[in-house]
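**Q** Quick one: sequence and predicted model below, then my questions.
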Amino acid sequence: MKKNIQAMVDYWLKLVFCLIISMSTNISAHDYNNISITILDSAVAEAKGAVCLDGSPPAYYHAKGFGDGANNWFLYLEGGGWCISDEDCAVRLTDRSGSSKYKPKSVYFGQNKSQNQTENPDFYNWNRVYVGYCDCSSYMGDVESKTNVTRRGARVFNAIMDDLLAKGMSNAENAILSGGSAGGLGAMLHCDGFSALLPNAKRVKCISDSGFFIHAKHLPGADKRAEYYANVSAYHGIPVDSLPSLCTSRMDQTLCLLPENIIRDIKTPLFLVETAFDQYQLAFNYFSNESTWWNCTNNLEVCTPSQLQTIKDYGVALRQTLQEISDTTSVGIFVHPCFRHGHFYEKSGWDGSFLLRDKTIAQAVGDWFFDRTSFQVIDYDNELPRFHNCSKFIASSCI
């Protein structure tokens with residue numbers, strides 16, 4: 001079983017790598033969408049101690065805003081899972097998930113980061129920032145480590161925010177903190193803190209793309225899911241005071257990494273982009289221990305009836321969990337039935353996405369951010385994942 005889990009982890013590390021490489025190597029006639037890396041060497045100094053797992057400096061990519069978007073900011077926190085021990089983290093010291101040394105020199109900015117007004121009408125001329133993930137703690141860890149693994153995710157986040165504030169973000173009129181997967185969880189956990197950095201902004205909101213990892217207490221593997229996030233919290237030394245106090249006052253702090261337990265405590269408006277059938281969560285988060293489960297989550301056509309029922313049960317649990325917080329009017333929700341994990345890396349997860357109430361994800365997010373209309377739509381029409389009118393991972397051929 002341990003070998004199977006490691007094989008799956010290796011697969012998803014490759015998948016994350018391929019997804020981002022596909023973005024960074026995307027051929028475009030518009031060179032202005034290819035953005036060079038910024039290495040934050042000043043963050044390494046002992047006073048800040050903001051470094052990646054391997055001790056290298058943090059990094060990000062910044063496309064400057066222009067025109068009437070010059071004082072608006074759209075930040076995206078890259079994801080890439082977590083690690084929960086020195087041994088677990090060691091494999092990341094020599095790849096982009098744990099070191100800035102292996103980040104690409106430039107990244108292609110498409111979708112919500114695109115400068116193409118047709119593709120990204122609401123945010124095309126904003127300052128657009130892609131923050132590189134290299135701490136494996138959802139930007140939350142803070143340990144004075146004496147091992148060869150440095151756990152400083154919170155310091156990485158703070159150092160990059162300080163640098164961006166100095167580069168003009170302190171004058172932001174509108175701002176968004178977003179993130180994908182583990183970065184989406186980080187965007188939720190840092191949401192109110194980010195808003196506090198911009199007291200004079202007209203509008204500050206947050207977006208989580210596939211970051212709503214569920215506990216699903218009544219489904220198989222619930223104890224293991226809770227234990228895993230407890231291990232993330234313990235290993236990375238996530239400070240209690242960095243988590244919503246209303247959550248930590250009523251339950252163990254380790255459960256406050258689960259979005260369902262903190263969503264009502266986040267004061268800043270938040271938008272959730274999710275699928276009812278998250279491929280990563282289903283594959284990795286202990287919903288089944290069947291030996292053929294991995295094959296099923298990679299090809300639904302080979303699933304057994306009991307495995308299909310597990311997928312249905314997950315969809316019910318995810319929808320119920322989100323339905324319970326839908327009375328929070330500041331929360332936007334877009335939950336579709338496509339079998340995937342992550343959206344903003346490709347057109348089918350932005351302006352070419354599955355439609356809910358005749359809106360793409362890009363349209364729903366834009367309308368919600370600018371208060372043109374609210375948006376809380378959860379698909380209930382599909383018991384199982386859809387493939388028609390849904391795109392598959394564009395990087396799946398990399399594996």
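**A** Arrived safely.
**Q** Pull out the buried residues from stretch 94-110.
**A** Within stretch 94-110, the residues scored as buried using 16 or more other CB atoms under 10 Å are 95-104, 107-110. Bear in mind the C-beta positions are built from the backbone N, C-alpha and C, glycine included.
**Q** Low-confidence regions, this structure specifically.
**A** Within the chain, the stretches with pLDDT under 70 are 1-32, 47, 388-389, 391-399.
**Q** one more time with 90, if that's ok
**A** 1-34, 44-49, 110, 144-148, 254, 325-330, 345-349, 386-399 (pLDDT under 90).
**Q** Break down it into its strands, ranges please.
**A** 34-39, 59-63, 72-77, 106-108, 127-131, 174-180, 203-209, 270-278, 331-340, 376-378 (DSSP state E).
**Q** I'd like to know how many residues surround D223.
**A** Using other CB atoms under 10 Å, D223 is surrounded by 11 other residues.
**Q** any idea how far L322 is from S330?
**A** According to CB to CB, to the nearest Å, S330 and L322 sit 14 Å apart.
**Q** who's more crowded, those two?
**A** Comparing S330 with L322 by other CB under 10 Å, the one with more neighbours is L322, at 22 against 13.
**Q** Hmm, G332 and the more buried one touching each other?
**A** No: between L322 and G332 there is no contact under CB atoms under 8 Å: 11.2 Å.
**Q** Overlap in contacts, these two.
**A** Common contacts of L322 and G332 (CB atoms under 8 Å, 6 or more residues apart in numbering): L272.
**Q** just how off-centre is stretch 188-196 within its chain?
**A** Put simply, stretch 188-196 sits 14 Å off its chain's centre (CA atoms, centre = their mean, to the nearest Å).
**Q** residues of that stretch that come out buried?
**A** Buried residues in stretch 188-196, counted by 16+ other CB under 10 Å: M188, L189, H190, C191, D192, F194, S195.
**Q** Also stretch 118-125?
**A** E119, N120, D122, F123, Y124, N125.
**Q** how near is T248 to I325?
**A** T248 is 18 Å from I325, by CB to CB.
**Q** For I378, which residues are in contact?
**A** By CB under 8 Å, 6+ apart, the neighbours of I378 are A276, R319, L322, Q323, S326, I333, V335.
**Q** show me where the stretch 51-200 of the chain has helices.
**A** Assigned by DSSP state H, counting those that start in this stretch, the stretch 51-200 of the chain shows helices spanning 86-90, 153-166, 182-196.
**Q** Distance to E46 for those helices - can I get that in JSON lines?
**A** Converted to JSON lines, the helices of the stretch 51-200 of the chain look like this (distance: least, CB to CB, whole Å):
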{"stretch": "helix 86-90", "distance to E46": "22"}
{"stretch": "helix 153-166", "distance to E46": "11"}
{"stretch": "helix 182-196", "distance to E46": "23"}
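**Q** So which of the ones you listed is the most surrounded?
**A** Ranked by mean neighbour count under mean count of other CB atoms under 10 Å, these are led by helix 182-196, which reaches a mean of 24.
**Q** distance between that helix and the chain's centre?
**A** With CA atoms, centre = their mean, you get 10 Å for helix 182-196.
**Q** Run a quick neighbour tally on D371.
**A** So D371, with other CB under 10 Å, has 10 neighbours.
**Q** Chain neighbours aside, what residue packs nearest to it?
**A** Of all residues not flanking D371 in the chain, R203 sits nearest, at 7.9 Å (CB to CB, 6 or more residues apart in numbering).
**Q** ok, the one you found - contacts?
**A** With CB under 8 Å, 6+ apart, R203 has these contacts: E173, N174, A175, F369, F370, D371.
**Q** Most neighbours among those, please name it.
**A** Among the contacts of R203, the one with the most neighbours (other CB under 10 Å) is A175, at 24 neighbours.
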